[in-house]
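Student: The sequence and its predicted three-dimensional model are supplied below.
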Amino acid sequence: MRDNAGGIVTVEVAGLGPVRVAATSAIATGRPGSIALRPEKIRIQAAAPADTPDNHCQGTVSDLLYMGDVTVYKVDTPAGRRSRRCSPIRRPAAPSSSRSATRSKMSWPVAAGHFIEA
């Protein structure tokens, strides 16, 4: 973990690499913890914009589940982690609505994630 200015820290996440998140207090380097990120804050696109400070990672949409007012996307990362993304029906989020696996980029704003010390 590296401290940054403005309440933002960079956390090394196994399988994802460096992830920038908000922290409400000073955190000692090497402290274990978790990153809290609401699934609806994650964007799933064919390609993430490269000119933003947002966090990015590769993934494969392995499944989607229509649940009435939202669709839940299950995304597998190359390191074997699984992420879920909820999308209200009124706003499209995935590059494809097919049930077959689709390579995608996930991205989310730095301020959307929060570091929680263990």
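Tutor: On my side now, so go ahead.

Student: Name the next helix or strand following the host helix or strand of H56 along the chain.
Tutor: Assignment of secondary structure by DSSP states H and E places H56 within strand 55-66. Proceeding N to C from strand 55-66, the next assigned helix or strand is strand 70-76, under DSSP H and E.

Student: Would you mind writing the CA trace of that next one as PDB?
Tutor: Extracted C-alpha coordinates of strand 70-76, given in PDB (Å, rounded to 0.1, in the frame of the first residue of the first chain):
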ATOM      1  CA  VAL A  70     -31.600  -5.000 -12.700                       C
ATOM      2  CA  THR A  71     -29.300  -7.400 -14.500                       C
ATOM      3  CA  VAL A  72     -26.500  -9.000 -12.600                       C
ATOM      4  CA  TYR A  73     -23.300  -9.700 -14.500                       C
ATOM      5  CA  LYS A  74     -20.700 -12.200 -13.300                       C
ATOM      6  CA  VAL A  75     -17.200 -11.300 -14.400                       C
ATOM      7  CA  ASP A  76     -14.100 -13.600 -14.100                       C
END
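
Student: mean confidence score for that strand?
Tutor: What strand 70-76 shows for mean pLDDT is 82.

Student: What residues of it count as buried?
Tutor: For strand 70-76, burial by neighbour count (16 or more other CB atoms under 10 Å) applies to V70, T71, Y73, V75, D76. In this view, the C-beta of every residue, glycine as well, is placed from N, C-alpha and C.
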